[in-house]
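Enquirer: Model the structure of this input:
(one chain, ligands or ions: 1)
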Amino acid sequence: MDTYPRYPDLCGWNALLPPRPATAPLQGTEQASVVIVGAGYTGLAAARRWAQLRPDDQVMVLDAATVGEGSPGRNSGFMLEIALADDADAQAVARMNAMNALCRDTMGELAALVAEHEIPCDLAHQGTYRAAATARGLASLGAYEAFLKAAQLPYERLSAQDLAARLGTAYYQGGLYSPDCYLVQPAALIRGLAEALPPSVQLFENSPVLSLRKGAGGWSLRTPEGEVRAPTVLLANNGYAARLAGGPLGQGVGAVTPVFTFAGLTAPLTPEARGLLGSDPSWGLLPAHRLGTTLRLTADHRLLARSFYDDRLPPSPQAFQAGLQDALDRRFPALAAEGATQITQHWGGATGITYNGTTFFGGVEDGLYAAAGCNGGGVVKGSLFGRLLVDEALGSLTVDVKGLFGEPPWLPPNPFRHWGFSFLTRRWRREAGAEL
Ligand SMILES: Cc1cc2nc3c(=O)[nH]c(=O)nc-3n(C[C@H](O)[C@H](O)[C@H](O)COP(=O)(O)OP(=O)(O)OC[C@H]3O[C@@H](n4cnc5c(N)ncnc54)[C@H](O)[C@@H]3O)c2cc1C
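Expert: Down below sits the predicted model:
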């Protein structure tokens, strides 16, 4: 079984950026104070925190991919400061508010890093739309609105006409606008965060960890060309953490599983095509159903669509292209008729999923810790959990992470996991209907 994702396609966001030289892969035998597996939002936040608390330690970060091209560069760029609609619970406002405050602080830290290091990633505090195309979607927005109201969070309720006027699509029956979200070019963000790592952190790209073993002198991690030993290892490799950690089947970090979702970007819209859109010059829209389609109009006037899930990475990059194109064309028929919605870049990306949407956080074995499974919202949450994981490993954690965020329940091993995933996604796709 692969211990890391191997993509058959290129990350569309990364392809828009200038080429960047990768750091050298791990070679030979090394020793470190701590090894962090994964240079995503979780791993880089952990590296920053460790370097801050233990500036004289040697911190090594190993990533299977190059920064920008791997999983953290492949997302849709929503940086949520408050609970996802699926997680929001109007009956548990005090707990949700405490979680939101942590996410908001983390977002503030990320925005400060972007400003301090002048990371050119189009970060903008634009808020987000959530829109429903079906009666079921409207009902789910109603539940989210109840949470926003109970938590006294600002939002606007929007009619179909409001959405059409702002976004240029008459596809939706209604929606909510919440200001508590930033939008970003994710590959540019993760590249900038890697550049901004403190000097005591050494990053090795193209260094997939193939095995993790405990020996007399601590942990040993093997990559294709090297080996590193360290007393402490932090697993920040999301859905692939359990493939290194082992442990009881389907429990703990084994309750996190990799799931892939797919996205595409158009070329920049011409001024004429933009004339067919609404008044907002750029925006992001999240679906009212968990299996629905995410949309963005980017700062450089491209449309993005993200949809579909699979628990195996399809061998062909073409697998979901027709479906994504159809999702975009249904929402913008006038633009489609002009040929302006043609998706020119397609990619898939891995995320770590748990059955109840919570993240695995904490110790796995002596000297081995993991934060994995941020589901669809890991840009901010991963950054939060990466920082907190270091506090946990160094014995200074003051947040009751499991009490606040919960714990993932047991997941059956394969092939039952695969059958369960296929059954549930088929059912949810039927439910989602026009939200797809
Ligand atoms: C198409 C798509 C759209 C999404 N949209 C959003 C969004 O808009 N907002 C949001 O918040 N979230 C979104 N997500 C989810 C988000 O990308 C993740 O939750 C987030 O990236 C998690 O961060 P992470 O650092 O924990 O893990 P990841 O970003 O997955 O990073 C893990 C890193 O570990 C590396 N790795 C894995 N295995 C190994 C190994 N064995 N050895 C070495 N390195 C390894 C990987 O190469 C990767 O760089 C989306 C995901 C996808 C795929």
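Enquirer: quick one: stretch 121-138 near the ligand?
Expert: No. Remark: stretch 121-138 sits outside contact range of the ligand, by C-beta under 6 Å from any ligand atom, the gap being at least 9.3 Å. Every C-beta, even on glycine, is put in place using the N, C-alpha and C of the backbone.
Enquirer: Let's check: the centremost residue of this structure is which one?
Expert: With distances taken as C-alpha atoms, centre = their mean, residue 378 lies nearest the centre of the chain, 3.9 Å away.
Enquirer: which residue packs closest to it, ignoring adjacent ones?
Expert: Leaving out its chain neighbours, the residue that sits closest to residue 378 by C-beta to C-beta, 6 or more residues apart in numbering is residue 41, at 5.8 Å.
Enquirer: Help me confirm that the one you found comes into contact with residue 190.
Expert: Yes. Using C-beta atoms under 8 Å, residue 41 is in contact with residue 190, at 7.3 Å.
Enquirer: Up against the ligand, what does the stretch 301-436 of the chain have?
Expert: 306, 349-351, 374, 376-379, 382.
Enquirer: Among those, which lie within helices?
Expert: Under the assignment DSSP state H, these contribute 378-379, 382 to helices.
Enquirer: for these, which one is nearest residue 212?
Expert: Set against residue 212, the nearest of these by C-beta to C-beta is residue 382 (20.2 Å).
Enquirer: quick one on the thing from earlier: possible to save the residues of the stretch 301-436 of the chain next to the ligand as JSON lines with distance to residue 136 and pLDDT?
Expert: Below are these laid out as JSON lines (distance: C-beta to C-beta, whole Å; pLDDT from 0 to 100):
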{"residue": "306", "distance to residue 136": "20", "pLDDT": "97"}
{"residue": "349", "distance to residue 136": "27", "pLDDT": "96"}
{"residue": "350", "distance to residue 136": "28", "pLDDT": "96"}
{"residue": "351", "distance to residue 136": "24", "pLDDT": "95"}
{"residue": "374", "distance to residue 136": "26", "pLDDT": "90"}
{"residue": "376", "distance to residue 136": "19", "pLDDT": "86"}
{"residue": "377", "distance to residue 136": "22", "pLDDT": "91"}
{"residue": "378", "distance to residue 136": "26", "pLDDT": "95"}
{"residue": "379", "distance to residue 136": "27", "pLDDT": "97"}
{"residue": "382", "distance to residue 136": "30", "pLDDT": "97"}
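Enquirer: hmm, the longest helix anywhere in the chain touching the ligand?
Expert: Criterion DSSP H: the longest helix present in the chain is helix 93-116. No. Using C-beta under 6 Å from any ligand atom, helix 93-116 stays clear of the ligand, coming no nearer than 10.1 Å.
Enquirer: residue boundaries of the helices in the stretch 251-400 of the chain?
Expert: Using DSSP state H, counting those that start in this stretch, the helices of the stretch 251-400 of the chain run over 271-274, 321-331, 333-337, 378-393.
Enquirer: Centre of the chain to the helix or strand following the longest one, how far?
Expert: On the C-terminal side of helix 378-393, the nearest following helix or strand under DSSP states H and E is helix 401-405. Here the centre of helix 401-405 is set off from its chain's centre by 19 Å, with C-alpha atoms, centre = their mean, to the nearest Å.
Enquirer: just to revisit the earlier point, run through who's touching the longest helix of the chain.
Expert: 45, 79-83, 87-89, 119, 121, 123, 125, 147, 150-151, 153, 180, 182, 189, 192-193, 196, 380-381, 383-384, 387, 399, 404-405 (C-beta atoms under 8 Å, 6 or more residues apart in numbering).
Enquirer: what do you get for stretch 226-233?
Expert: Applying C-beta under 8 Å, 6+ apart, the external contacts of stretch 226-233 come out as 25-37, 60, 62, 207, 212, 215, 217-221, 367-369, 393.
Enquirer: swap the cut-off to 6 Å and go again
Expert: Outside stretch 226-233, the residues within contact range by C-beta atoms under 6 Å, 6 or more residues apart in numbering are 26-32, 34-35, 60, 217-221, 367-368, 393.
Enquirer: and if you look at stretch 402-421?
Expert: Here stretch 402-421 has contacts from 98-99, 249-251, 255, 311, 354-356, 358, 360, using C-beta under 6 Å, 6+ apart.
Enquirer: ok so, going back, list residues touching both of residue 41 and residue 190?
Expert: With C-beta under 6 Å, 6+ apart as the test, residue 41 and residue 190 both reach residue 72.
Enquirer: returning to what we had before: mind checking the pLDDT average for the longest helix of the chain?
Expert: Per-residue pLDDT values across helix 93-116 average out to 96.
Enquirer: For it, which residues meet the burial criterion?
Expert: For helix 93-116, the buried set under the neighbour-count rule, 16 or more other C-beta atoms under 10 Å, comprises 93, 96-97, 99-100, 102-104, 106-107, 109-110, 113-114.
Enquirer: what's the pLDDT at residue 313?
Expert: 86.
Enquirer: Which residues of the stretch 1-150 of the chain lie near the ligand?
Expert: Neighbours of the ligand within the stretch 1-150 of the chain, by C-beta under 6 Å from any ligand atom: 3-4, 37-43, 62-65, 70-72, 74-78.
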